[in-house]
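Student: Take a look and give me a structure for this.
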Amino acid sequence: MQLRAAREQSGKTQAQVAKEAAISELTYQRYEYDKREPGVRTALRIARALDSTVEELFGAATPAIGETPGGNRANQDNLQD
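Tutor: Okay, here's the model as predicted:
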């Protein structure tokens, strides 16, 4: 779920979310319009304000199939059915 969609679904204004997340409205708008990305603490506060998760709002980095979280290629034999 994207940030704007989550905010609209919550029925809150940008100003309300910004206030609950303890950031300025302009800063929140920059996040919503993809002009900037929040730091971890700010992302968590925004997620709480929208009763959501950071992963739902900003996406989660997931490894590609065949890669381990550390970025190393997994043993291809382990991926066979």
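Student: Spatially nearest residue to the residue sitting nearest the centre point of the chain, not counting backbone neighbours?
Tutor: For the chain, the residue nearest the mean C-alpha position is Phe58 (2.0 Å; C-alpha atoms, centre = their mean). Sequence neighbours aside, Ala43 is the residue nearest to Phe58 in space, at 5.9 Å (criterion: C-beta to C-beta, 6 or more residues apart in numbering). All C-beta spots, glycine's among them, are computed from the backbone N, C-alpha and C.
Student: Return the residues in contact with that neighbour.
Tutor: The neighbourhood of Ala43, defined by C-beta atoms under 8 Å, 6 or more residues apart in numbering, consists of 54, 57-58.
Student: just Ala47 next, same as before
Tutor: So Ala47 contacts 53-54, 56-57 (C-beta under 8 Å, 6+ apart).
Student: Ala15 now?
Tutor: Glu25.
Student: what's the helix or strand for it?
Tutor: Assigned by DSSP states H and E, Ala15 belongs to helix 14-20.
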